[in-house]
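> Quick one, structure for this:
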Amino acid sequence: MGNGDSRVRGLAARAGGWSARHRWAAVGIWVLFVVLAMGIGSAAGRVDVDESDQLKGETHTAATIIDDAGIKEPSGETVLIQSKDASVTSTDSEFRTAVTAVVEAVEGTGRVTDVTSPYDTKTISKDGRSALVQFDMRGDAETAGDRVEPVLKAVAGVQEDHGSLRIEEIGGASMAKQYKDAFGNDFKKAEYSALPVAFGILLIAFGALVAALLPVALAMTAIVATMGLMGLVSHVQPMSDTANSVMLLVGLAVGVDYCLFYLRREREEREAGRDAGAALRIAAATSGRAIIVSGVTVCVAMAGMLFTGLAEFEAMGLASLMVVAVAMVGSVTVLPALLSLLGERVEKGRIPFLRRRGRRGNGDSRFWTAVLKRVLAKPLASVLVAAGVLLAIAAPAVGMKTENLTLDQEFGNSLPIVGTYNRVNDAFPGGSDPAEVIVKANDINAPEVKQALADFKARAVSSGASRGPVDIKLHDAQNVAFVYVPLVGGSDQDKAAKSLEKLRDDVRPATLGKVDGVQAPITGQVAGSKDFNDQLIGSVVPVFAFVVVFAFLLMLLSFRSLTVAITSIVLNLLSVGAAYGILVAVFQHGWGASLVGAEGVGAIVTWLPLFLFVILFGLSMDYHVFVVSRIREARLRGRTTQDAIQHGVVTTAGVVTSAAVIMVAVFAIFGTLSMQSMKQMGVGLAAAVLIDATVIRGVLLPAVMALLGERNWYFPKWLHRLPDLTHDESPEEVTSTVAGEGEPLRV
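Residues are numbered from 1 along each chain as shown. Presented below is the predicted three-dimensional model:
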């Protein structure tokens, strides 16, 4: 190919060509889009996921009853008064004095209501060493954590006056405050530190300030625009803070990756002697096409979350899908325009000591050239060794145990309130997280309803589901009653789940279930966990099927090769399996857990496996599409399959490595957080990306393709009717016939 015009076809090539010719218009349109999206989104405001929409099943029914009745549940707080040894009990004057002091102290703040003494409510442990003072925070429960500080100080003051007793507060507001103080800022810092980390790695990769700034600028504008779009879309599909955080992670990852792919190809072509215009056209037709194929595949993977039926997952999936789509469009439109405007100035700001090393003039990676030489010399041995290693890493995933993490599992000993939580549960099993029965009747004070409530209260204890005390709170005006049932098992999720099952399947049908017109859904932390698990498990098959089938079809249409489509899916599944194995080994079995601060977790948080599958399957396609596109391009230009594999892998190794290092670094930041769920997410994503960019793309993919030879391009005649999306793969007209049954490779 010379410096003259090269005939290119396809969406990416046309978009890049138009943007290069109308560069100021392309940049202006992009800036206008970002500004309008952010402005309109801010004006519209964001609607967040409502608690009543979080889950289906009984938890959803209970939340709906509460919302329809207009009942605003206050944030409940509890003060534990506990003797440090057996010398003082609830009958002693010192203990009684402390209880009275706590009641007076919290009432004196003016921030609480409905303060109850344990001597009135009988919330005294069987051994007499522990008692609970209970009360509600005034005002909105969602903001109670912002107002609980004076109450906490009042309780701490009583503690100072009673050294022989342990006096501690726990509840929704106090937990929210400790969580916000300890981890809210920590989490935000992790998000904000991701950007400078990515920029630093890009600076090393390119060795030039302007070139390093371009990917960051594209990613940030895509994220800003998507934040605005989230505000608009939230009026149809509510969003959340979690969805926003996931969107930021995914947006940074793909935004930087796409720009990196494009920019590296354009730079490579210029170094090969092409003029700026020809280099840009080639980058548009090759890397631009790979970006579109990858972006559409990632969007399809993210769309899999919409099939869970879980509002939080739907929000995460839609937010991720939008940011990928925006980044993809920006990469094939405004990026060519900026490169055309900058020309050679994209190399401005060279850092003298960051000259690129370890790369030949033709852009090939020396390290991967050496690796590929050995892999391609013995492809069968390479496949067996690499696949064997990955299967061994994935093996622990067979025994994966998932559960919603309890407070002590989530935070370990990093929060003082965890100790309080455990002590309350030891003295009053289930008292910290009781089951809540929301009873709705035509007349809550009807004799048969009152009798059913009394029978339920008695049978809950006699059945062994609870040790009591079972409390009933009536809302006469709304004909609703709240029944609070401490579950036997307490913080032991398995035992508490069995107690919940007794309530739902035995106690309720025999009591409240016999009264016509009465609804009695059971909610609470344990019930919510069970309902979430049930719904998540039920969505696994449709989500997996949707993602795998549509990814397969996209690869089939994009490369017109049945073999490439199949191997793509198998290799991606192997990558995900290895990530699962690492998660189980570290967080469930504790192998090397001390290295990441994950001792004693013993389980994988319920939502993570499905979330990781969707995210990893999408992100893995970034590298796969980019590498395979380069291999196919080389094959179309007349190279043998063996040469094309070597050329494709070694010429993309640098950009794939840079992109992977950025992803691993960003995800690893989240692996340093104290919250185990975030730590698991960060470690899982970082490990999977590292495996994918090295073992999968650098060893297993080329070895498998080398073994298959010309069969890589097998495309049965009966599939020829499918749309041909391969025409964008090369900037040159090339025809090469593949031996065997199939079709000619053409552009």
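> and residue 436, how many neighbours?
21 (other Cβ atoms under 10 Å). C-beta: built from backbone N, CA, C; applies to glycine.
> I'd like to know how far it sits from residue 520.
11 Å (Cβ to Cβ, to the nearest Å).
> low pLDDT regions in the stretch 101-250 of the chain?
182-189, 191 (pLDDT under 70).
> what about 50?
Within the stretch 101-250 of the chain, no stretch has pLDDT under 50.
> Okay, now the unreliable bits of this structure?
In the chain, residues with pLDDT under 50: 1-8, 356-362, 727-747.
> And the next helix or strand past the longest helix seen in it?
Ranked by number of residues, the top helix in the chain under DSSP state H is helix 525-559. Downstream of helix 525-559, the first helix or strand assigned by DSSP states H and E is helix 562-583.
> tell me what that following helix is packed against?
Other elements packing on helix 562-583 under the criterion 3 or more Cβ pairs under 8 Å, 6 or more residues apart in numbering; DSSP states H and E are helix 379-394, helix 525-559, helix 608-636, helix 676-691, helix 701-708.
> Which residues are in contact with residue 128?
Going by Cβ atoms under 8 Å, 6 or more residues apart in numbering, residue 128 touches 89-91.
> Write a ChimeraX command that selects only the buried members of those residues.
Applying 16 or more other Cβ atoms under 10 Å to the contacts of residue 128, the buried members can be selected in ChimeraX as follows:
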select :89,90
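> now, which of the contacts of residue 128 sits nearest residue 279?
residue 90 (82.0 Å; Cβ to Cβ).
> Spit out the contact partners of that closest one.
96, 99, 118-119, 124, 128-131.
> now it: how far from residue 83?
Residue 90 is 8 Å from residue 83, by Cβ to Cβ.
> Quick check: neighbours shared by these two?
Contacts common to residue 90 and residue 83, judged by Cβ under 8 Å, 6+ apart, are 129-130.
> Make sure residue 631 is actually in contact with residue 650.
No: contact criterion Cβ atoms under 8 Å: residue 631 and residue 650 do not qualify, at 10.7 Å.
> any idea which of the contacts of residue 90 is closest to residue 529?
Nearest to residue 529 among these, with distances taken as Cβ to Cβ, is residue 130, at 25.7 Å.
> need the contact list for that closest one.
Contacts of residue 130 (Cβ under 8 Å, 6+ apart): 80-83, 90, 124, 423, 427-428.
> How about residue 689?
Residue 689 neighbours (Cβ under 8 Å, 6+ apart): 616, 619, 660, 663-664, 667.
> Nearest residue to it in space, ignoring adjacent ones along the chain?
residue 663 (4.5 Å; Cβ to Cβ, 6 or more residues apart in numbering).
> what number of residues lie near that neighbour?
So residue 663, with other Cβ under 10 Å, has 28 neighbours.
> Would you mind measuring the gap between the ends of stretch 435-449?
Stretch 435-449 has an end-to-end distance of 20 Å (Cα to Cα, to the nearest Å).
> how far is it from where the chain is centred?
The chain centroid and the centroid of stretch 435-449 are separated by 40 Å under Cα atoms, centre = their mean, to the nearest Å.
> And stretch 388-408, by the same measure?
The answer for stretch 388-408 is 17 Å, by Cα atoms, centre = their mean.
> Keeping just the C-alphas, turn it into PDB.
Taking Å, rounded to 0.1, in the frame of the first residue of the first chain, the C-alpha atoms of stretch 388-408 are listed here in PDB:
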ATOM      1  CA  GLY A 388      -4.400 -27.300  31.900                       C
ATOM      2  CA  VAL A 389      -3.200 -24.400  34.000                       C
ATOM      3  CA  LEU A 390      -6.500 -22.500  33.400                       C
ATOM      4  CA  LEU A 391      -8.600 -25.500  34.200                       C
ATOM      5  CA  ALA A 392      -6.600 -26.100  37.400                       C
ATOM      6  CA  ILE A 393      -7.100 -22.400  38.400                       C
ATOM      7  CA  ALA A 394     -10.800 -22.700  37.600                       C
ATOM      8  CA  ALA A 395     -11.300 -26.000  39.500                       C
ATOM      9  CA  PRO A 396     -12.100 -24.400  43.000                       C
ATOM     10  CA  ALA A 397     -15.100 -22.700  41.400                       C
ATOM     11  CA  VAL A 398     -16.900 -26.100  41.300                       C
ATOM     12  CA  GLY A 399     -17.500 -25.700  45.100                       C
ATOM     13  CA  MET A 400     -18.500 -22.000  45.000                       C
ATOM     14  CA  LYS A 401     -20.600 -20.900  47.900                       C
ATOM     15  CA  THR A 402     -22.500 -17.700  47.500                       C
ATOM     16  CA  GLU A 403     -24.400 -15.700  50.100                       C
ATOM     17  CA  ASN A 404     -25.200 -12.100  51.000                       C
ATOM     18  CA  LEU A 405     -22.400 -11.200  53.400                       C
ATOM     19  CA  THR A 406     -23.200 -10.400  57.000                       C
ATOM     20  CA  LEU A 407     -21.900  -7.300  58.600                       C
ATOM     21  CA  ASP A 408     -18.900  -9.200  60.200                       C
END
